[in-house]
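Asker: Next one to model:
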Amino acid sequence: MQNYTHTVQYYETDKMGVTHHSNYIRFMEEARVYFLKQAGWPYEKFEEEGIISPVVSISCDYKRTTTFPDIIEIKVDVAEVTPVKFKLSYTMTVAEKLVCTAGSAHCFLNTTGRPVSIQKQYPEFYHTLLELQNSANKVSSIS
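Answerer: Residues are numbered from 1 along each chain as shown. Okay, here's the model as predicted:
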């Protein structure tokens with residue numbers, strides 16, 4: 001999977017010239033959309049299938065600031081998968097310097113708000129997420 005890159009825009013900075021902390025959540029969403037598209041499940045496909053995947057929790061641990069026009073490279077990994085939920089981890093760097101580590105958790109719901117078991121209804125997607133989780137775990141155990 002390719003990492004996602006985001007160039008910090010001037011309007012994303014605050015009066016001090018630093019990227020406003022709330023923007024990192026948006027950067028995570030951009031990276032997540034890109035990641036799922038690469039995995040063969042773009043958001044459009046979710047919507048066509050009648051699935052929504054809301055954020056149920058989010059965390060961000062800021063390590064250093066970014067400014068306009070830094071290029072943030074965002075690595076997304078599958079941290080955990082269950083039949084109805086998944087968690088992603090994000091590592092953001094600028095010029096190979098750690099900027100932020102983050103995580104998001106999501107569930108799978110149908111359009112009426114009922115949980116969807118992707119393991120049962122979309123086994124190919126479930127297995128893709130499991131494979132991505134396993135490959136992420138192999139890389140982290142080697143590091």
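Asker: least trustworthy helix or strand in the chain by mean pLDDT?
Answerer: Sorting the helices and strands of the chain by mean pLDDT, DSSP states H and E puts helix 123-142 at the bottom, at a mean of 82.
Asker: just checking, what packs against that one?
Answerer: Contacts defined by 3 or more Cβ pairs under 8 Å, 6 or more residues apart in numbering; DSSP states H and E place helix 123-142 against strand 71-81, helix 118-121. Using the backbone N, CA and C atoms, a C-beta is placed for each residue, glycine as well.
Asker: Where does pLDDT dip in the protein?
Answerer: 138-143 (pLDDT under 70).
Asker: Quickly find the element holding the residue most central in space within it.
Answerer: For the chain, the residue nearest the mean C-alpha position is Arg32 (3.4 Å; Cα atoms, centre = their mean). Taking DSSP states H and E as the definition, one finds Arg32 inside helix 23-38.
Asker: For that helix, buried residues please.
Answerer: Judged by neighbour count (16 or more other Cβ atoms under 10 Å), helix 23-38 contains these buried residues: 23-24, 27-28, 31-32, 34-36.
Asker: what comes into contact with it?
Answerer: Applying Cβ atoms under 8 Å, 6 or more residues apart in numbering, the set of residues contacting helix 23-38 from outside is 1-2, 4, 6, 8, 12, 42-43, 58, 60, 62, 72, 74, 76, 88, 90, 92, 100, 102, 104.
Asker: one step back: most tightly surrounded among the helices and strands packed on helix 123-142?
Answerer: Using mean count of other Cβ atoms under 10 Å, the stretch among these with the greatest mean number of neighbours is strand 71-81 (a mean of 19).
Asker: Other residues contacting it?
Answerer: In contact with strand 71-81 (Cβ under 8 Å, 6+ apart) are residues 1, 3-8, 27-28, 30-32, 34-35, 66, 86-94, 99, 103, 126, 129-130, 132-133, 136, 139-140.
Asker: can you put the helices and strands packed on helix 123-142 in TSV and add distance to Glu47?
Answerer: Written out in TSV, the entries for these read as follows (distance: least, Cβ to Cβ, whole Å):
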stretch	distance to Glu47
strand 71-81	20
helix 118-121	15
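Asker: Could you say which one of the ones you listed comes nearest to Glu48?
Answerer: Proximity to Glu48, assessed across the helices and strands packed on helix 123-142 by Cβ to Cβ, is greatest for helix 118-121 (13.4 Å).
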